[in-house]
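A.B. asks: The following block contains a protein sequence and its predicted model.
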Amino acid sequence: MQNNLIANFFFQLCLAALALAAPVAEQVTVQKTDAWQYGTGGGIIGLVVLILDVIVFVEVIKSNRPPLQKLLWSLLVFFFPIGGLIIYWLFSNRAAHNSSSGYETLP
């Protein structure tokens with residue numbers, strides 16, 4: 001019983017020490033910013049880049065490329081959204097790998 005009281009007291013002492021050791025801010029400031037700003041984390045430009053990247057992903061998946069090339073193009077655009085998008089549009093030879101649009105006729 002006495003060991004339980006000592007352990008409980010020690011545990012409470014440790015919690016109090018942790019609470020007192022936490023840094024306390026003197027003044028908390030709240031900044032109101034525009035949600036559509038052109039900074040890191042988004043904005044209108046980020047939304048446009050996201051839409052263009054999704055278009056590239058869909059185009060790569062629908063193409064008749066081998067699976068390894070599809071994976072490499074998708075990873076390039078995923079890890080480098082703007083640079084990968086530009087490289088894809090310039091060097092991907094999209095016309096040669098475009099899958100047939102529409103329906104195929106039956107013989």
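C.D. replies: Here it is on my side, so go on.
A.B. asks: tell me what the helix or strand bottoming out on mean pLDDT in the chain is packed against?
C.D. replies: Of all the helices and strands that make up the chain, helix 2-21 has the lowest average by mean pLDDT, DSSP states H and E, namely a mean of 76. Contact partners of helix 2-21 among helices and strands, from 3 or more Cβ pairs under 8 Å, 6 or more residues apart in numbering; DSSP states H and E: none. Placement of C-beta: from N, CA and C, glycine included.
A.B. asks: Residue 47 and residue 67, how far apart?
C.D. replies: Look at residue 47 and residue 67: by Cβ to Cβ, to the nearest Å, they are 30 Å apart.
A.B. asks: I misspoke; the intended subject was residue 58.
C.D. replies: Relative to residue 67, residue 58 is positioned 16 Å away (criterion: Cβ to Cβ).
A.B. asks: same thing with residue 14?
C.D. replies: In this view, residue 14 and residue 67 are 56 Å apart by Cβ to Cβ.
A.B. asks: More neighbours: those two, which one.
C.D. replies: Neighbour comparison, residue 14 and residue 67: the larger count goes to residue 14, with 10 against 7 (by other Cβ atoms under 10 Å).
A.B. asks: sorry, back to before: can you give me the mean pLDDT across the helix or strand that the least confident helix or strand of the chain is followed by?
C.D. replies: With elements assigned by DSSP states H and E, the helix or strand that comes after helix 2-21 is helix 44-62. Looking at helix 44-62 alone, the average pLDDT works out to 89.
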